[in-house]
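Peer 1: what follows is a protein structure lacking sequence information:
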């Protein structure tokens, strides 16, 4: 990810808002070595963080607020450095001042997908798509479907979107997210297929496995009747464990296959076949209609004064289903405070920011609407 190393990054303390060319605006900031800067661009809002470095300070985008647009991040860092009068020692991207690196259509954040895509087309979901061969093939052969790729590795996302553009495929959308959390935020009966091909086995860390009891439960909720979860793996242990999980559910059909012939295979699969490794398939079909209860979760905050006191005191709440922890609090230039909190499911919590001034809100957007995030939210405002 892009970053800048400079002698200093300290914004004018008497200025509450700064606007630069191109509509780049500094919304708030906290000076000091471990500071935070809220930035708004024409396309996104996010937080830049600065940390001590042997040459001065390093400035980079906060991971939990990072937008898909690298161009905006790079320009925002240059804007901040220029306003600060900083001397830049290093930056890990090209020196082209125009910063015309490639941008991608249909590359959205998790919250944008929830809010912007009504999914009039039935959805096919692929989790961890790797080189993208499988999702590209599906998109080409099924143009009437919307194909959602969920990935945590940005270079894989860029590779897929480059290829989709080259092949003139406009029915692919990519979200950078942890699938275990993101799948919980999707509406019921939304998808026809969920593909999980060659997930990391995590033999020594079961909590990080994608395919677990909670994932199957949430995936079945998202699937329409006759929808399928298709797991493909070269790990017999992973296959057997996943089969045991699937057998704990009712009203489903389970198919098991070994070395099934496929029209398209991944680079990973090709490599294992050359080594004569077995490939295991587990296909779960949902045989029932889901009660379509998509209740809206309200993440608004009405009493900012009480929340300011609560956050400033810091706290930890750990329930059997969720957790809520104040990690760090900054006093901002405009007399507001910014808090970084950890919230959500015990095995996949998220980091998120609260901006508390005359009003209080999550910044840059509320957490994904999962039951764990909402329970943590209610504990926060209660």
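Peer 2: Nice, I can see it. It should be emphasised that the depicted structure is a prediction, and the values quoted were computed from it without experimental measurement. Numbering: from 1, shown residues only.
Peer 1: can you give me the pLDDT of the nearest residue to residue 259 once chain neighbours are set aside?
Peer 2: Spatial nearest neighbour of residue 259, excluding adjacent residues (Cβ to Cβ, 6 or more residues apart in numbering): residue 279 at 5.5 Å. Any C-beta I mention is one placed from the backbone N, CA and C, and that applies to glycine too. On pLDDT, residue 279 comes in at 89.
Peer 1: for residue 258, list the residues it contacts.
Peer 2: Going by Cβ atoms under 8 Å, 6 or more residues apart in numbering, residue 258 touches 278-281.
Peer 1: can you rerun that using 6 Å?
Peer 2: 278, 280 (Cβ atoms under 6 Å, 6 or more residues apart in numbering).
Peer 1: mind checking how far the helix or strand where residue 255 lies is from the chain centre?
Peer 2: Assigned by DSSP states H and E, residue 255 belongs to strand 252-258. Counting by Cα atoms, centre = their mean, to the nearest Å, strand 252-258 is centred 30 Å from the centre of its parent chain.
Peer 1: that strand: partners in the sheet, and parallel or antiparallel?
Peer 2: Looking at strand 252-258 with DSSP bridges, its partner strands are strand 280-286 (antiparallel).
Peer 1: point out where the stretch 251-382 of the chain drops to low pLDDT.
Peer 2: Low-confidence segments of the stretch 251-382 of the chain (pLDDT under 70): 263-270, 272-273, 275, 292-295.
Peer 1: how close does the residue nearest to residue 259 get to residue 234?
Peer 2: As judged by Cβ to Cβ, to the nearest Å, residue 279 and residue 234 stand 6 Å apart.
Peer 1: just the strands in the stretch 51-200 of the chain please.
Peer 2: 56-61, 88-91, 107-108, 123-127, 146-151, 172-176, 191-197 (DSSP state E, counting those that start in this stretch).
Peer 1: quick check: residue 231 touching residue 196?
Peer 2: Yes - counting by Cβ atoms under 6 Å, residue 231 touches residue 196, with 4.9 Å between them.
Peer 1: which one's more surrounded, those two?
Peer 2: Higher neighbour count among residue 231 and residue 196: residue 231, with 25 against 22, using other Cβ atoms under 10 Å.
Peer 1: who touches the more buried one in this structure?
Peer 2: For residue 231, the contact set (Cβ under 6 Å, 6+ apart) comprises 196, 242, 282.
Peer 1: apply 7 Å and report the result again.
Peer 2: Listed by Cβ atoms under 7 Å, 6 or more residues apart in numbering, the contact partners of residue 231 are 196, 211, 242, 281-282.
Peer 1: and these, which are buried?
Peer 2: When these are checked for burial by 16 or more other Cβ atoms under 10 Å, the buried set is 196, 211, 242, 281-282.
Peer 1: closest to residue 375 out of the residues you listed?
Peer 2: Top of the list for closeness to residue 375, among those and by Cβ to Cβ, is residue 211 at 24.1 Å.
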